[in-house]
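Chemist: Sequence and computational prediction follow.
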Amino acid sequence: MLIALFNIADLLLRVLGWIIIVQVILSWLIAFNVLNTSSQGLRAFVGALERITDPLYRPIRKVMPDFGGIDFSPLVLLLVIQILRMLLSGLAVDLAYTAA
């Protein structure tokens, strides 16, 4: 049962990582005028992604220095997610060995 909870947490962290990657790529495409921002569907999708990711970026942006228009907070957040996934998998393996 506990392993299933670790698997669910890992899945949620993976999905969050993909959401961050999609949001970053879309922001680049919009910044370079590859995507048309007059599309209502695209604006709604990008707005939803920003509502998901901005609360996660905000504490990182407060700590990180200004790099002249380059935002490294998604990269830092992806690294934190990977570290959390490694810690969760290590903890799940430890619990599996102690339960056996």
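Modeler: Okay, I see it.

Chemist: Helices of the protein, start to end?
Modeler: Assigned by DSSP state H, the helices in the chain fall at 2-31, 40-63, 73-99.

Chemist: and the ones you listed as TSV, adding mean pLDDT and mean neighbour count?
Modeler: In short, each C-beta sits where N, CA and C put it, glycine included. Listed next are these as TSV, based on pLDDT from 0 to 100; neighbours: other C-beta atoms under 10 Å:
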stretch	mean pLDDT	mean neighbour count
helix 2-31	94	14
helix 40-63	95	13
helix 73-99	92	13
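
Chemist: give me every residue that touches the spatially closest residue to residue 96 that is not a sequence neighbour.
Modeler: Once flanking residues are discounted, residue 96 sits nearest to residue 3: 6.5 Å by C-beta to C-beta, 6 or more residues apart in numbering. Neighbour list for residue 3: 92, 95-96 [criterion: C-beta atoms under 8 Å, 6 or more residues apart in numbering].

Chemist: No further queries at this time; thank you.
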